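> Sharing a model that was predicted from the sequence below.
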Amino acid sequence: QVQLVEAGGGLVQDGGSLRLSCVASGGTSRNDYMGWFRQAPGKEREFVARIRWNGDSIYYADSVKGRFTISADNAKKMVYLQMNSLKPEDTAVYYCAYKSDFTGKWDYWGRGTQVTVLS
């Protein structure tokens, strides 16, 4: 079992920045992945970014590439999402997720943190 808790959401103006964090507890492995997803009102949950615990295998959605940066601190079991040049369309609930390299599935999810970008 892996438990995930997000923090760092809030209100920000168009063009502003926020940094989300997620702490993992429970059984984790350096070969497994941490990811960020988001869900806007009335829309399906969508992938944002992911990273392997050992720091490699970073991948971003096209919509955030060049603006968002994902990073991980394996020793602290923390993953971060630095979000710059935020746009109103980035408004969503952001979820931290964990994917086992063994199952290949995003098996564990946090409760989410709200990010609102004001125009």
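Looks like it arrived, so ask away.
> burial measure for residue 72, as a count.
The local packing of residue 72 (other C-beta atoms under 10 Å) involves 23 other residues. Just so you know, the C-beta spots here come from the backbone N, C-alpha and C atoms, and that holds for glycine as well.
> Ok, residue 9 next?
Counted by other C-beta under 10 Å, the residues lying close to residue 9 total 18.
> cool, the one 4 residues further on as well?
By other C-beta under 10 Å, 11 other residues sit near residue 13.
> And for residue 78?
One way to gauge burial is a neighbour count; for residue 78, by other C-beta under 10 Å, it gives 15.
> Contacts only, for the nearest residue to residue 79 once chain neighbours are set aside.
In this structure, residue 79 finds its nearest non-sequential neighbour in residue 34, 4.1 Å apart by C-beta to C-beta, 6 or more residues apart in numbering. Residue 34 makes contact with 22, 24, 50-53, 70, 72, 79, 96-99 under the criterion C-beta atoms under 8 Å, 6 or more residues apart in numbering.
> Quick check: the gap between residue 34 and residue 85.
Residue 34 sits 23 Å away from residue 85 when distances are taken as C-beta to C-beta, to the nearest Å.
> With residue 69 instead?
Looking at residue 69 against residue 85, where the rule is C-beta to C-beta, the gap reads 11 Å.
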